[in-house]
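Chemist: Model the structure of this input:
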Amino acid sequence: MSKLINLTVFREFLKSSFAGGIILFSCVILALIVANTPLYSSVMKFLNQEVGFNSGQIHLKYSWLLWLNDGLMAIFFLLVGLEIKREIVEGELSSPSKAILPILAAIGGALLPAIIYFALNQGASTVHGWGIPMATDIAFALAVITLLGNKVPASLKIFLAALAIVDDLLAILVIAIFYSNGIHATYLFIAIGIFLFLILLNKLGVKAIWAYLTPGLFIWYFVHHSGIHATIAGVLVAMTLPTTPDAEESPLEKLEHLLAKPVNFIIIPLFAFANTLIPIHGEMIGGLTSKLGIGIILGLIAGKSIGIFLICFIAKKLKIAQLPEGAGWKQIFGVGLLGGIGFTMSIFISILSFDDTILIEEAKFAVLIASFCAGLLGYTVLSVVSSANKNQITD
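Modeler: Predicted structure coming up:
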């Protein structure tokens, strides 16, 4: 009987909206522990072991770490792309009145952190990392706001989700344009040709998911060899999946449901574990006060919160947007702080920004510290504001 109860509790946990964030956080802690024990060298040796095959024309032999960061993460980007398209077609981004505030907030919350980082690192070898503090981690941010339960209005949670989705779209564009290697035109044109073929399938009314995913594998291969980061292939495929605004489950929604748990409970935790294996040493702690560290920490905590708050304030004053129903300015600032939880995308861009292993590790560590502080501050602000509002109502 007790086993049955435990199984039920476990199933309910997996269904909860904060389960992914809890598992993600656990993997980060585990990785930091492993990285500072004798197990570290064995784990890294495994991650750097090459698997796959090469031939005269086909090149598919890479390390486990690269397969994870370029291969499995393409599936994560596929899910992100599906979420973006669904929101555009039938969700919070489907009409100008719904979309304007989260779009503007995401832009403000991306630009100011990048400006802060660039200003602090201008002329330094680390200046290329300006994209690191631009991103918001959907899983962590939503996990934190969900922990607040009914202390915050539902409209605020929807606003944060829409903001994070637009933020992801901006991050994808930044990666594609600024963090790709030299372009190989032949591979790129082949990938574009397959992408156009998938669009044609959509126009012809083809609804079989495999008809999109199978050519999608080839898009991944050619994008990977084109010099554009391979994960962008996931977004391209997602944009071609058919969907409709009605209640019937579309191929896009069906694939989104199929991918949600594997991505949130396997792919992202694996990515987090493999990329936060950071041996803590004095030089890294010192890196928090370097231009790189300060740029990331200030960008994520101050840049995100002020950028999101300021753009919402301006939009409200200009009467081009309204605040989420039931939300006040203090809550908007709290959500802006949660936007500073960069984690997945920020670590991903850290890897793309530098060739120096020390700089990558320092950037990752700064992202971890900044994301933890932003999450704690955001939770505290929203919790305190909620308690103050409740006391006012009671009085």
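
Chemist: List the buried residues for stretch 232-244?
Modeler: Buried residues in stretch 232-244, counted by 16 or more other C-beta atoms under 10 Å: I232, A233, G234, V235, L236, V237, A238, M239, T240, L241, P242, T243. C-beta here means a position set from N, CA and C on the backbone, and glycine is covered the same way.

Chemist: In a markdown table: the residues you listed, plus secondary structure and pLDDT.
Modeler: Output for the buried residues of stretch 232-244, formatted as a markdown table (DSSP: H, G, I helix; E, B strand; the rest coil; pLDDT from 0 to 100):
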| residue | secondary structure | pLDDT |
| --- | --- | --- |
| I232 | helix | 84 |
| A233 | helix | 89 |
| G234 | helix | 90 |
| V235 | helix | 87 |
| L236 | helix | 91 |
| V237 | helix | 94 |
| A238 | helix | 93 |
| M239 | helix | 92 |
| T240 | helix | 95 |
| L241 | coil | 95 |
| P242 | coil | 93 |
| T243 | coil | 89 |
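
Chemist: Just the closest of these to S55, please.
Modeler: For the buried residues of stretch 232-244, the minimum distance to S55 (C-beta to C-beta) is 21.2 Å, reached by A233.

Chemist: Now do the contacts for the closest one.
Modeler: A74, F77, A191, G216, I219, W220, V223, H224 (C-beta atoms under 8 Å, 6 or more residues apart in numbering).

Chemist: for I351, same thing?
Modeler: I351 is in contact with N69, N275, I360, counting by C-beta under 8 Å, 6+ apart.

Chemist: does it sit in a helix or strand, and which one?
Modeler: helix 343-353 (DSSP states H and E).

Chemist: what about the helix or strand just after that helix, average pLDDT?
Modeler: Next along the chain after helix 343-353, taking DSSP H and E as the criterion, comes helix 357-394. Average pLDDT, helix 357-394: 84.

Chemist: which intervals of the stretch 101-250 of the chain have sub-threshold pLDDT?
Modeler: Counting by pLDDT under 70, the stretch 101-250 of the chain contains no low-confidence range.

Chemist: quick one, strands of it?
Modeler: With DSSP state E, counting those that start in this stretch, there are no strands along the stretch 101-250 of the chain.

Chemist: all helices for it, in order.
Modeler: Counting by DSSP state H, counting those that start in this stretch, the stretch 101-250 of the chain has helices at residues 138-147, 154-178, 185-203, 210-226, 232-240.

Chemist: want to throw the ones you listed into a markdown table with distance to S26?
Modeler: As requested, the helices of the stretch 101-250 of the chain are arranged in a markdown table below (distance: least, C-beta to C-beta, whole Å):
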| stretch | distance to S26 |
| --- | --- |
| helix 138-147 | 12 |
| helix 154-178 | 21 |
| helix 185-203 | 37 |
| helix 210-226 | 29 |
| helix 232-240 | 25 |
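
Chemist: quick one, which of those helices is nearest to H128?
Modeler: helix 154-178 (8.5 Å).

Chemist: For that closest one, which helices and strands make contact with it?
Modeler: Helices and strands touching helix 154-178, by 3 or more C-beta pairs under 8 Å, 6 or more residues apart in numbering; DSSP states H and E, are helix 73-90, helix 96-121, helix 138-147, helix 232-240, helix 329-338, helix 343-353.

Chemist: Let me have those helices in TSV, extended by distance to L298.
Modeler: What follows is the helices and strands packed on helix 154-178, written out as TSV (distance: least, C-beta to C-beta, whole Å):
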stretch	distance to L298
helix 73-90	26
helix 96-121	5
helix 138-147	19
helix 232-240	29
helix 329-338	13
helix 343-353	13
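
Chemist: start to end distance for stretch 258-278?
Modeler: End-to-end distance of stretch 258-278: 32 Å, with C-alpha to C-alpha, to the nearest Å as the criterion.

Chemist: Next, the buried residues of it.
Modeler: Here stretch 258-278 shows 259, 263-264, 267-269, 271-278 as buried, counting by 16+ other C-beta under 10 Å.

Chemist: mind listing which of the residues you listed are in helices?
Modeler: The members of those that map onto helices under DSSP state H are L259, I268, P269, F271, A272, F273, A274, N275.

Chemist: Select from the contacts of A233 the one having the most neighbours.
Modeler: V223 (29 neighbours; other C-beta atoms under 10 Å).

Chemist: Spatially nearest residue to that one (excluding sequence neighbours)?
Modeler: A233 (4.2 Å; C-beta to C-beta, 6 or more residues apart in numbering).

Chemist: what separates the one you found from G81, distance-wise?
Modeler: Distance, A233 to G81, using C-beta to C-beta, to the nearest Å: 10 Å.
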